Structures are given as C-alpha cells and as structure tokens.
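# Got a sequence here, can you build the structure:
(one chain, ligands or ions: 1)
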Amino acid sequence: MGNVAGSAVDERAALLGYERLEGAIPVVHPPGFGERAAKARDLLEDGAASLSEILDVETPVLEALLVADVNWDRAPRENERSYPPGLPYFTRAATPPTLVLPETLSAAFRPRTNATGTLIVWHELAHAFLLGEPVPRTPAWLREYLPQALSDAAARRTGLPLEEHLQEIDRDPGFTVRSFGGRADAEDQMSFQNLLLVLGAAALEEFGEDFLRALARALWEETDIVREERAEELLAGSLGPGGRRWLASRVEF
Ligand SMILES: [Zn+2]
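Here you go, the predicted structure:
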C-alpha cells in the first residue's frame, strides 16, 4: 500500500511504524495496541451514531490516533510545544482532522468510574462534530457545555449508566459554570467540566435531548462573537418554555 498523499497522520504513522484499523472512524495505533484500537473504534462508532442522530448531521471525516505515551511529543497539534500528557484532544493540524487519544489518561480526570474513559472520548468526538461548521467565539461555559451534554446524551442512548459517575461529582467546588475564571489548575478545570456534565444530565432529564440540536444550530447560525448575555439567551431559548426559570434554579449555573 502506498502513502495517501497529503495525510499528515499517515506520514506520521509511517514514521512511527503505526498501524491503521479501518472503520467509520479509522484508528491509527502503535504496533501491539490492536485490542485497544478495536475498543476505541467501537466506542467512536457508537458515539458517532448517537451524535449524528441527535444533531441530525453526518459524521465528519475524521481519524483517531492512539498515541503511545513515549510518542506523545510527536502527536499532531496546533502548537510547537507538545501538550500536557494524558489529555485527549481534537486537532485540525492533521488531515483529516484527528482525535488524539493518549495511551494513559491524565490523573487529573475525576471521578474514575466505568464511564470516565467513554465520556472523555465522546466529549472530544462532540467537539469534532460541532466544529464541522464554523462556530463563533463563546464564553467557555457554553463552548464546553455542548460536548458535555452531548456525551451525557450519547450515554443515555447507548445505555451507559451514569448514576455512579454523577454521584461522585462535587456540586459545590466554590464556583459556578458562569463564574469559573478560566485560568485555573487542572483540578478546577476538572470541577468546571464536571459541573457542566451535571448540568447536561439535568437538562436532558428535564427537557429531553432535542435542545441539543436546537442549541448547536443556534450556535452555527451566530455570526458574531457570542457574549455572556447572548450565550445565556441561546441556551435558555434552546431548552424551550421554562428554560430560563429552570436555569436560574440550578446551583451549577
Ligand atoms: Zn472540551
């Protein structure tokens, strides 16, 4: 098999001797990682099927790159310097755009339950779906809320139990999703994401999953930077009647 011209991932994979597992989202992986790659492929396929239905869009053209810890600094990325180890991310620095999945997840990810790894992969997959169309700049809470709520929704659809995971989350870390400052340590970042996960699950319980499509569409239609007030309006509007009152009642918000 020859090289696929223009594929940064293929070039890099060739460089590292990585192998390729075909699928709806192919998984490029180190030799000896076949079993993990197959698991990742199935997980991505399940997630993509759910997200595609929820958002009513096709699965974008993507690859996943499972990276051995020793190769982390060679993974494709936007910046010159390598990213902190163990944090999965979505990058358009490769062709096709790529979900980079580390061999070992960062210890910063909390809580650790049967759902942790799956939710993290689906979160990044959701970013890939959302970035299939131009997305305006938004407050951090709105940018991260959709992937968190979408991974909640994919879990509900596929029957992945989340009760234990949600129960272990601290609902009062000393800030809300809107008051969270941004430049924070890994622990606060995790608490921020976890609040969004709780808020996502609660909204799904109350309003069903249709608001996710409405919110994604509303975002794709925005042409200007979405500021705080507009962001709240978009979320409340997507939830539908009673959305604003419900949001005001949520301690995470
Ligand atoms: Zn994210």
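# Identify the residues contacting residue 97.
If you count contacts by CB atoms under 8 Å, 6 or more residues apart in numbering, residue 97 has them with 60-63, 90-91, 128, 131. All C-beta atoms are positioned from the backbone trio N, CA, C, and that covers glycine.
# So which residues of the stretch 51-200 of the chain form helices?
116-130, 140-158, 163-167, 186-207 (DSSP state H, counting those that start in this stretch).
# Which one, of those helices, ends up nearest to residue 178?
Between residue 178 and those, the shortest gap by CB to CB is with helix 140-158, which sits at 5.7 Å.
# what's that closest one packed up against?
On a contact count with 3 or more CB pairs under 8 Å, 6 or more residues apart in numbering; DSSP states H and E, helix 140-158 meets helix 34-55, helix 116-130, helix 186-207, helix 210-221, helix 228-239.
# any chance of the ones you listed in TSV, plus distance to residue 84, mean pLDDT and mean neighbour count?
Output for the helices and strands packed on helix 140-158, formatted as TSV (distance: least, CB to CB, whole Å; pLDDT from 0 to 100; neighbours: other CB atoms under 10 Å):
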stretch	distance to residue 84	mean pLDDT	mean neighbour count
helix 34-55	20	98	19
helix 116-130	14	97	23
helix 186-207	8	97	20
helix 210-221	27	98	18
helix 228-239	27	98	18
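# Residue 20 contacts residue 30, correct?
No. Taking contacts as CB atoms under 8 Å, residue 20 lies outside contact range of residue 30: 11.3 Å.
# These two: which is more packed in?
The neighbour count for residue 20 versus residue 30, taken as other CB atoms under 10 Å, is higher for residue 30 (21 against 18).
# State the distance from residue 193 to the ion.
Note on residue 193: its distance to the ion, by CB to the ion, to the nearest Å, is 7 Å.
# In contact with that residue, which residues?
By CB under 8 Å, 6+ apart, residue 193 lies in contact with 144, 148.
# again with residue 144
For residue 144, counting by CB under 8 Å, 6+ apart, the contacting residues are 192-193, 196.
# If we only consider these, which is nearest to residue 26?
Distances from residue 26 to these, taken by CB to CB, are shortest for residue 193, at 27.4 Å.
# Residues of the stretch 1-150 of the chain that sit close to the ion?
Listed as neighbours of the ion in the stretch 1-150 of the chain under the rule CB under 5 Å from the ion: 144, 147.
# Residue 158 contacts residue 46, correct?
Yes. With contact defined as CB under 8 Å, residue 158 counts as touching residue 46 (5.4 Å).
# Show me how this structure divides into domains.
2-106, 130-249 (automatic domain parsing).
# among these, which is nearest residue 124?
Between these, domain 2-106 lies closest to residue 124; by CB to CB that is 5.0 Å.
# Let's have the domains of the chain in JSON lines, adding distance to residue 124.
Shown next, in JSON lines, are these (distance: least, CB to CB, whole Å):
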{"stretch": "domain 2-106", "distance to residue 124": "5"}
{"stretch": "domain 130-249", "distance to residue 124": "7"}
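# Residue 232: which of the contacts of residue 144 is nearest?
Out of those, the member with the shortest distance to residue 232 (by CB to CB) is residue 196, at 14.4 Å.
# and the end-to-end length of stretch 133-148?
18 Å (CA to CA, to the nearest Å).
# Could you pull out the buried residues of it?
For stretch 133-148, burial by neighbour count (16 or more other CB atoms under 10 Å) applies to 135-136, 138-148.
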